[in-house]
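K.L.:
Compute the structure for the input listed below.
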Amino acid sequence: MPVEWWLDESEYAGEEHLDEEYVAGYDEKAQVDPSDDVRRLIDLGLGQDSVLVDMGAGTGVFALAAAETGASVVAVDVSRAMVDVIRDRAEESGLDNITVVRAGFLSYDHALDPADFVYTRNALHQLPDFWKVIALHHLASFTRSGGYLLFRDLVFDLQPDEVEEGIVDWMAGAVDDPAKGFTEQDLAEHVRNEFSTYTWVLEPMLERCGFEILERDSRRKAYGTYLCRKT
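P.N.:
Sure, this is the predicted structure:
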């Protein structure tokens with residue numbers, strides 16, 4: 001690793017994601033239901049003979065649900081507080097097919113067979129675009145040919161002259177209670193301080209890094225879902 005210029009991802013993870021108190025209330029705030037995504041991957045072949053890597057696994061909600069299929073699941077997160085929660089939950093679940101790794105998109109060292117599935121939700125936006133490219137290239141390096149990437153994140157489907165109106169429309173969906181979702185202040189802070197990009201910037205990144213985009217969806221022109229296949 002070229003340490004002189006390589007990014008320390010923990011400095012970009014967001015201080016709140018490193019804080020144990022915030023992490024304790026994360027699931028109620030994020031309100032993630034993994035069932036649709038798990039079913040989608042099962043339809044693509046996820047099962048006992050599969051290897052799945054969950055990058056930016058958070059508190060492990062998706063990783064644990066995916067592990068119920070019998071797949072070998074690796075839950076990866078850069079936050080020690082998040083990793084501690086996943087490990088505790090994995091132990092409580094009794095599942096022995098989930099491995100928890102403290103690492104980031106750039107530093108994760110894949111030790112299993114090539115991944116059949118890579119999943120990432122609401123995490124890649126923490127990296128500037130220069131590093132997104134390196135991260136996606138790294139994901140492709142340990143995904144088998146024909147394997148799948150299911151990617152969900154804040155991605156703005158806006159042209160330059162639509163940005164102001166589009167951001168205002170997106171922020172209109174904010175909640176009032178910060179414990180139960182993301183407030184207008186949260187969303188404004190995201191736009192100012194994090195690195196969500198545009199669809200027309202992200203999509204060439206995916207393709208250049210070795211992924212064919214099979215399906216794409218955009219909600220409120222601000223939240224993108226991509227199903228991709230490693231070429």
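K.L.:
Quick one: mean pLDDT for the one helix or strand residue 217 maps to?
P.N.:
If you go by DSSP states H and E, residue 217 is part of strand 211-219. The average pLDDT within strand 211-219 is 97.
K.L.:
swap in stretch 170-187?
P.N.:
Averaged over stretch 170-187, pLDDT sits at 92.
K.L.:
Buried residues, that stretch. List them.
P.N.:
170-171, 182-183, 187 (16 or more other CB atoms under 10 Å). Backbone N, C-alpha and C define where each C-beta goes, glycine included.
K.L.:
Let's see which of these end up in strands.
P.N.:
For these, not one is inside strands, with DSSP state E as the criterion.
K.L.:
what's the most distant pair in these?
P.N.:
170 and 183 (12.9 Å; CB to CB).
K.L.:
so what secondary structure elements neighbour the helix or strand encompassing residue 131?
P.N.:
Element membership of residue 131, judged by DSSP H and E, is helix 129-141. Packing partners of helix 129-141 (3 or more CB pairs under 8 Å, 6 or more residues apart in numbering; DSSP states H and E): helix 199-208.
K.L.:
in the helix it packs on, what counts as buried?
P.N.:
By 16+ other CB under 10 Å, the buried positions in helix 199-208 come out as 199, 202-203, 205-206.
K.L.:
which helices and strands does that helix pack with?
P.N.:
helix 129-141, strand 211-219, strand 223-230.
K.L.:
which residues touch the second one?
P.N.:
With contact meaning CB atoms under 8 Å, 6 or more residues apart in numbering, strand 211-219 is reached by 136, 140, 149, 155, 157, 199, 203, 206-207, 224-231.
K.L.:
try 7 Å this time
P.N.:
140, 149, 157, 199, 203, 206-207, 224-231 (CB atoms under 7 Å, 6 or more residues apart in numbering).
K.L.:
Now that we have these, which of them are buried?
P.N.:
140, 149, 157, 199, 203, 206, 224-230.
K.L.:
I'd like those residues written out as JSON lines, with distance to residue 214 and pLDDT added.
P.N.:
JSON lines is the format used below for the buried ones among the contacts of strand 211-219 (distance: CB to CB, whole Å; pLDDT from 0 to 100):
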{"residue": "140", "distance to residue 214": "15", "pLDDT": "98"}
{"residue": "149", "distance to residue 214": "10", "pLDDT": "98"}
{"residue": "157", "distance to residue 214": "17", "pLDDT": "98"}
{"residue": "199", "distance to residue 214": "15", "pLDDT": "98"}
{"residue": "203", "distance to residue 214": "12", "pLDDT": "98"}
{"residue": "206", "distance to residue 214": "11", "pLDDT": "98"}
{"residue": "224", "distance to residue 214": "14", "pLDDT": "97"}
{"residue": "225", "distance to residue 214": "11", "pLDDT": "98"}
{"residue": "226", "distance to residue 214": "8", "pLDDT": "98"}
{"residue": "227", "distance to residue 214": "5", "pLDDT": "98"}
{"residue": "228", "distance to residue 214": "6", "pLDDT": "98"}
{"residue": "229", "distance to residue 214": "6", "pLDDT": "98"}
{"residue": "230", "distance to residue 214": "11", "pLDDT": "98"}
